[in-house]
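Participant: Structure here, sequence nowhere to be found:
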């Protein structure tokens, strides 16, 4: 059974204080690891897809990396508008996607 | 480009009532799915469809029905609502898979459902 564990559950940062969110996973035959951002009252918004160990993707202050057992979402010099819940998901079969519970990030001005 | 549209945004039902949650996408995506999201739990797959006329069960299908008569629409039906079905429901779509790589899903903004 595919599993996804995200840590920490909640993270509070000062504006400009860089940090990383972790996503540990077990999956039989990775067909994609996905990062989403979810704002209160909204649906998840797609950020990145990673397909193989060693792959990295960047978007503004966010950088996602992937190893064979975990993925990290690095946030560099965060701003208050980066506050959201970040979800990690893995796909082991045809569109069979397992989500983690998420990390709730709060960035304080 | 509207993406994935869900209606209604909020709904309150009494135990035993039935209703249909609507989902429509305008991206010509072949894959559509329904999830529920509950506090302290990740998104859980209810049903999914890989194309018009084809549906299958996900992780938590009991008490829900789906059909896919067109590429654009994927309604979710609650047959006889129960308090345990109080949740936030999300519909998602994707272009499927290419070369054994699954494509990311695009989500609607959800339907918040309360069963009394």
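Facilitator: Done, it's in. Bear in mind that the values here come from a model prediction, so they are computed numbers and not experimental data.

Participant: What average pLDDT does stretch B:17-30 get?
Facilitator: Here the mean pLDDT over stretch B:17-30 is 96, rounded to a whole number.

Participant: Then stretch A:70-85?
Facilitator: Across stretch A:70-85, the average pLDDT comes to 98.

Participant: So which bits of it are buried?
Facilitator: Using 16 or more other CB atoms under 10 Å in any protein chain shown as the test for burial, stretch A:70-85 gives A:71-73, A:75, A:78, A:82-85. Yep, even glycine has a C-beta here, placed from its N, CA and C like the rest.

Participant: With distance to residue B:67 added, can I get the residues you listed in a markdown table?
Facilitator: Converted to a markdown table, those look like this (distance: CB to CB, whole Å):
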| residue | distance to residue B:67 |
| --- | --- |
| A:71 | 36 |
| A:72 | 40 |
| A:73 | 37 |
| A:75 | 42 |
| A:78 | 44 |
| A:82 | 40 |
| A:83 | 39 |
| A:84 | 34 |
| A:85 | 32 |
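
Participant: What is the end-to-end distance of stretch B:11-29?
Facilitator: In terms of CA to CA, to the nearest Å, the two terminal residues of stretch B:11-29 are separated by 27 Å.

Participant: Just say helix, strand or coil for the residue of chain A found nearest chain B.
Facilitator: Going by CB to the nearest CB, chain B is nearest to residue A:43 of chain A, at 3.4 Å. Under the three-state scheme (DSSP: H, G, I helix; E, B strand; the rest coil), residue A:43 adopts coil.

Participant: could you show me where the strands are in chain B, in order?
Facilitator: All strands of chain B, identified by DSSP state E, fall at B:4-7, B:10-13, B:19-25, B:31-37, B:44-51, B:54-57, B:64-66, B:76-78, B:87-94, B:97-98, B:101-102, B:106-107, B:111-115.
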